[in-house]
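Visitor: this one's sequence-less:
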């Protein structure tokens, strides 16, 4: 059985009791650590859960998923996901691989809190949110602006927008990918410092459409 | 401290480790049991948590919140909510009462899974959902149709809709309220059997707007 287990949002004690029981008994425990990050490090999780944890980066999940799933038709494998397993990156590829493998690997998800609902702590009613929007890092040559249209659609219905900002955690650089050197990772980048929103563009279109200037 | 603790969606082991630790130490433990229901009963929760649980119905939360908050400026009170404390009924009144009481009562929320994110288990991407819509019981004299407009707004943007269906759990009947007999509750009603959607109306407007018939 492959268990996708949500860890919640802050630290090692945000896992559910049900999730923790599975982690303690699983044959191997992986931590998906490239689409979201907990506020505690791997060692603190290992110490509290009493289990060694294998970090699953994007490269492993996309290219070496056979290693993750090895033996999962008979043994229990725990795949830990920050937040809720179905809320952001849903690892559909991994689930489909389980379903189509011979013999098929059963799967089960253990839900948990997600930023998609925890944003309710602001006092804004979740019923008044429209579609959730992601905003990726801009590069010199790629500044996608579709996030703006999505926010505008929500605003036109009087709805709030939860805007998820991109993170970069040990991903291979475009140059490294182009050279086929997938093992060369960028250094981890600090979230706020590196987030290259083009404020001028945003301010201009917002003022034009909403403030009539 | 008043703790609003999410229980998750299915049974007594969907509480987080952090939530369970608070429940075990709290002076009193309440369970909000009128806007959502767990799949296990109160006795099973009490047995697993090792604590007596006081059922908080709508009447208690709205009219007797002083009893719930008594002593909460110095002792810890746990208020259990099915799902996530900020996702549906957010008990804003209770939180505001804590803030304005003398002395103020500190509050803290322990997030958990919600149907708003667990719906991702269907395979539909949560990014492709628009605003969440509620649909209340129809009565002979009140058949609100605004839920239809909300679904149409989402559909016009190509977005899915999570439609939450009303439940009735030991609420006073309108007749009982009118007679001032708030203690006379309706019998619990079975969810599916009683849900009085006017399918004819829905089908007619849907066909007209989406199928051009």
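Guide: That came in fine, so what should we check first? This one's a predicted model, so the numbers in the text were calculated from it and none came from an experiment.

Visitor: so what's the spatially most central residue of chain A closest to, chain neighbours aside?
Guide: Nearest to the geometric centre of chain A sits residue A:35, at 3.3 Å (C-alpha atoms, centre = their mean). Nearest non-adjacent residue to residue A:35, counting by C-beta to C-beta, 6 or more residues apart in numbering or on different chains: residue A:89, 4.2 Å away. C-betas here are computed from N, CA, C, even on glycine.

Visitor: how much space is there between the residue nearest to the centre of chain A and residue A:115?
Guide: Separation of residue A:35 from residue A:115 (C-beta to C-beta, to the nearest Å) stands at 12 Å.

Visitor: ok, which stretches of chain A are helices?
Guide: When secondary structure is read from DSSP state H, chain A shows helices at A:17-25, A:42-49, A:58-63, A:65-69, A:92-100, A:115-118, A:146-156, A:174-178, A:191-194, A:199-210.

Visitor: looking at those helices, which is buried most?
Guide: Of all the helices of chain A, helix A:115-118 has the most neighbours on average by mean count of other C-beta atoms under 10 Å in any protein chain shown, namely a mean of 25.

Visitor: what's next to that one, contact-wise?
Guide: Identification of contacts with helix A:115-118 by C-beta atoms under 8 Å, 6 or more residues apart in numbering or on different chains yields A:9, A:83-84, A:87-88, A:126, A:132, A:162, A:164, B:84, B:86-87, B:111, B:114, B:116-117, B:126.

Visitor: And stretch A:96-110, by the same measure?
Guide: With contact meaning C-beta under 8 Å, 6+ apart, stretch A:96-110 is reached by A:1-6, A:16, A:18-19, A:22, A:65, A:69, A:72-73, A:85-86, A:95, B:121.

Visitor: How about stretch A:41-55?
Guide: Here stretch A:41-55 has contacts from A:11-13, A:15, A:20, A:23-24, A:26, A:28-31, A:33, A:38, A:80, using C-beta under 8 Å, 6+ apart.

Visitor: Would you mind measuring the gap between the ends of that stretch?
Guide: With C-alpha to C-alpha, to the nearest Å applied, stretch A:41-55 spans 11 Å between its terminal residues.

Visitor: can you check stretch A:12-23 too?
Guide: With C-alpha to C-alpha as the measure, stretch A:12-23 spans 12 Å from end to end.

Visitor: does any bit of that stretch sit next to chain B?
Guide: Yes: residues of stretch A:12-23 contacting chain B under C-beta under 8 Å from any C-beta of the partner chain: A:13, A:14, A:15, A:16, A:17, A:18, A:20, A:21.

Visitor: Greatest separation within these: which pair is it?
Guide: Spatial extent of the residues of stretch A:12-23 next to chain B (C-beta to C-beta) is set by the pair A:14 and A:21 at 15.1 Å.

Visitor: contacting residues for the nearest residue to residue A:119 once chain neighbours are set aside?
Guide: Leaving aside its sequence neighbours, residue A:119 sits nearest to residue A:162 (C-beta to C-beta, 6+ apart; 5.3 Å). Applying C-beta under 8 Å, 6+ apart, we find residue A:162 in contact with A:115, A:116, A:119, A:129, A:132, A:133.

Visitor: 7 Å - rerun?
Guide: A:116, A:119, A:129, A:132 (C-beta atoms under 7 Å, 6 or more residues apart in numbering or on different chains).

Visitor: Among the residues you listed, which one has the most neighbours?
Guide: When neighbours are taken as other C-beta atoms under 10 Å in any protein chain shown, the top entry among these is residue A:116 (25 neighbours).

Visitor: ok, that one to residue A:160 distance?
Guide: Counting by C-beta to C-beta, the separation of residue A:116 from residue A:160 is 12 Å.

Visitor: go on, residue A:25?
Guide: Computed as C-beta to C-beta, the residue A:25 to residue A:160 distance reads 41 Å.

Visitor: ok, now how distant is the residue nearest to residue A:27 when sequence neighbours are not counted from chain B?
Guide: Closest residue in space to residue A:27, ignoring its immediate chain neighbours: residue A:75 at 4.0 Å, by C-beta to C-beta, 6+ apart. Distance from residue A:75 to chain B, counting by C-beta to the nearest C-beta, to the nearest Å: 22 Å.

Visitor: again, but for residue A:86
Guide: The gap separating residue A:86 from chain B is 3 Å, by C-beta to the nearest C-beta.

Visitor: Would you list the phi and psi of that residue?
Guide: The phi/psi pair for residue A:86 (degrees, to the nearest 10) reads phi -110, psi 10.

Visitor: Which residue is the nearest non-sequential neighbour of it?
Guide: Leaving out its chain neighbours, the residue that sits closest to residue A:86 by C-beta to C-beta, 6+ apart is residue B:120, at 2.8 Å.

Visitor: pretty sure the one you found is touching residue A:89, no?
Guide: No: with contact defined as C-beta atoms under 7 Å, residue B:120 does not count as touching residue A:89 (10.8 Å).

Visitor: pLDDT score assigned to residue A:41?
Guide: On pLDDT, residue A:41 comes in at 85.

Visitor: Correction: the previous question concerned residue A:195.
Guide: 36.

Visitor: if we can go back for a sec, hmm, which of the contacts of stretch A:41-55 are the buried ones?
Guide: A:11-13, A:15, A:20, A:23, A:26, A:28-31, A:33, A:38, A:80 (16 or more other C-beta atoms under 10 Å in any protein chain shown).

Visitor: Contact residues of chain A facing chain B?
Guide: When proximity is defined by C-beta under 7 Å from any C-beta of the partner chain, chain A lies next to chain B at A:6, A:8-9, A:13-18, A:20, A:84, A:86-87, A:90, A:109, A:111-114, A:116-118, A:120-121, A:126-127, A:129-132, A:153, A:157, A:159.

Visitor: pull the helix or strand with minimum mean pLDDT from chain A.
Guide: The weakest-scoring helix or strand in chain A, judged by mean pLDDT, DSSP states H and E, is helix A:191-194 (a mean of 34).

Visitor: which outside residues touch stretch A:60-68?
Guide: A:30, A:32, A:56, A:77, A:79, A:94, A:97.

Visitor: The same query, at a cut-off of 10 Å, please.
Guide: Residues outside stretch A:60-68 that contact it (C-beta atoms under 10 Å, 6 or more residues apart in numbering or on different chains): A:2, A:28, A:30, A:32, A:34-35, A:54, A:56-57, A:70, A:77, A:79, A:89, A:91, A:93-94, A:97-98, A:101, A:182.

Visitor: Flag the shaky bits of chain A, pLDDT-wise.
Guide: Low-confidence segments of chain A (pLDDT under 70): A:167-213.

Visitor: Let me see the domain layout of it.
Guide: As given by the TED database, the domain ranges for chain A are A:2-113, A:124-167, A:182-210.
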